[in-house]
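Chemist: Fold the following, please.
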Amino acid sequence: MKNTKILFLISVVLIFGINLLSDYINSYYYQIIIYAGINIILATSLNLINGYAGQFSLGHAGFMAIGAYLSASISTYFAPSLLSIFGDAVIGKAIWFILVLFIGGVGASIVGVIVGVPSLRLKGDYLAITTLGFGEIIRVVIQNLDIIGASQGFRGIYVYDNGVKSLEMIPELSGITYKFYSIPQYTDFFWAFLVVAIIIFSITNLIRSTYGRGFIAVKDDEIAAEAMGINTTKFKVTAFVLGAFFAGVAGGLYSHFVQYINPEDFNFLRSIEIVVMVILGGMGSTIGVVFAAIILTILPELLRDVQQYRMIIYALLIIIMMLVRPQGLFGIKLQKKKKITPEQPPKATLKD
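Modeler: Just a heads-up that it's a prediction; the model follows:
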């Protein structure tokens, strides 16, 4: 535990130092680095559900969408109030950003409870299909909410002096002074990787704690865990809610970096991409999932020169990796159990 705290403090100092040099990094590479950080958060949070708690969720992109839209909505619709409270200084912006990220995470975790309580009584394929359905329901609901841009996406709002707020300019109010509040670009290297350090530190300490052993017990043998007095539903819902919270925070980081979000950014394929990161890295291996998230963020960019065949090559490389390491990059290789046969009695002889 003490070593983990020291590593966490060293990581924060390094992140702060590297952030000071971010102005000298090429904007294209910088964007990939930020996306890698967001993918690490998504993959490690899903690893808590799929890897440590032994569930199989396919709706992680839905929680990311809730965090993205909720935090972006607060940053725009309440921008005048937030500016008057916190100001436009660095500290004020930092408090503002932490607040909207936290609200986005809490919103996602509340939906996680709503989804988790009924669905986590299921297992295996049934659970996967249920969470996939909930993820798609979240996306479709967002796609039909005009207040956040519906299918056209969301980038900000117009706020008129008479208090009217609109996604588009209103010709009837053209004579009234207005201001357009776009989603502020607060996400940078420091914020993205600070959250990465926090989530890795939190999950590592949680799993090593006495309480965290309950997740491992539920994963290894749910029936045996219940026989030992462990409330398996409680542990599964806890893992689901924590995973949803960090996915919501990742969504907030994403929306405050790209400054434009669309429901299609959080579709079924996005959930599959996150699941692939967890499986490729090794379910239950935090360091493996981190490496897999980085690899699968960089790999599509390396294949941009072969645009026509990029996705085919991308899929083939993943298949080859999984054939070579079916347990994942850092997963524990399962040993084949030797078949134990009862000892044969000695054959009777004529002397006997």
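Chemist: immediately after the helix or strand of the chain with the lowest mean pLDDT, which helix or strand?
Modeler: Here the helix or strand of the chain ranked lowest by mean pLDDT, DSSP states H and E is helix 2-20, holding a mean of 74. As assigned by DSSP states H and E, the chain's next helix or strand after helix 2-20 is helix 27-47.
Chemist: how about L132, what does it touch?
Modeler: Counting by C-beta atoms under 8 Å, 6 or more residues apart in numbering, L132 touches L58, G59, F268, S271. Where you see a C-beta, it was placed from the backbone N, CA and C, and this is true even at glycine.
Chemist: which ones are touching the closest residue to the last one other than its chain neighbours?
Modeler: In this case it means S271. Excluding the flanking residues, the one nearest S271 by C-beta to C-beta, 6 or more residues apart in numbering is A61, at 4.2 Å. Applying C-beta under 8 Å, 6+ apart to A61 gives the contacts G135, R139, F266, N267, F268, R270, S271, I274.
Chemist: likewise L329?
Modeler: L329 touches L280, G281, G282, S285, G288, F291, A292, M321, counting by C-beta under 8 Å, 6+ apart.
Chemist: Please apply the same query to F97.
Modeler: Here F97 is in contact with Y186, W191, H256 (C-beta under 8 Å, 6+ apart).
Chemist: rewinding a little: mind putting the contacts of L132 into TSV with neighbour count and secondary structure?
Modeler: What follows is the contacts of L132, written out as TSV (neighbours: other C-beta atoms under 10 Å; DSSP: H, G, I helix; E, B strand; the rest coil):
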residue	neighbour count	secondary structure
L58	23	coil
G59	29	coil
F268	15	helix
S271	25	helix
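Chemist: closest to Y77 among those?
Modeler: Nearest to Y77 among these: G59, at 26.3 Å, using C-beta to C-beta.
Chemist: my guess is that closest one meets A128, correct?
Modeler: No. Using C-beta atoms under 8 Å, G59 is not in contact with A128, being 9.1 Å away.
Chemist: Shouldn't Q55 be within a helix?
Modeler: No. Looking at Q55 with DSSP: H, G, I helix; E, B strand; the rest coil, it is coil, so not inside a helix.
Chemist: how deep is it tucked in, by neighbour count?
Modeler: 26 (other C-beta atoms under 10 Å).
Chemist: before we move on, back to that, buried sites along the least confident helix or strand of the chain?
Modeler: F8, S11, V12, I15, N19 (16 or more other C-beta atoms under 10 Å).
Chemist: on that earlier part again, quick one: which of the contacts of L329 has the lowest pLDDT value?
Modeler: Within the set of those, pLDDT is lowest for M321 (75).
Chemist: How much space separates that one from M283?
Modeler: According to C-beta to C-beta, to the nearest Å, M321 and M283 sit 15 Å apart.
Chemist: where does the stretch 251-352 of the chain have low pLDDT?
Modeler: Judged by pLDDT under 70, the stretch 251-352 of the chain has its weakly predicted residues at 331-352.
Chemist: could you pull out the strands for it?
Modeler: Shown for the stretch 251-352 of the chain, no strands are assigned by DSSP state E, counting those that start in this stretch.
Chemist: show me where it has helices.
Modeler: Using DSSP state H, counting those that start in this stretch, the helices of the stretch 251-352 of the chain run over 268-281, 286-302, 310-324.
Chemist: Just tell me which of the ones you listed ends up closest to T44.
Modeler: helix 286-302 (5.5 Å).
Chemist: Contacts for the closest one next, please.
Modeler: Helix 286-302 is contacted from outside by 32, 35-36, 39-40, 42-44, 47, 51, 200, 203-204, 273, 276-278, 280-282, 310, 314, 317-318, 328-331, using C-beta under 8 Å, 6+ apart.
Chemist: Let's see that with 6 Å instead.
Modeler: 32, 35-36, 39-40, 43-44, 47, 277-278, 280-282, 314, 328-330 (C-beta atoms under 6 Å, 6 or more residues apart in numbering).
Chemist: filter those to the buried ones?
Modeler: If you count burial by 16+ other C-beta under 10 Å, the buried members of these come out as 35-36, 39-40, 43-44, 47, 277-278, 280-282, 314, 328-330.
Chemist: now, which of those sits nearest R213?
Modeler: Nearest to R213 among these: N47, at 16.7 Å, using C-beta to C-beta.
Chemist: Could you double-check that that closest one lies in contact with V278?
Modeler: Yes. Under the criterion of C-beta atoms under 6 Å, N47 makes contact with V278 at 5.0 Å.
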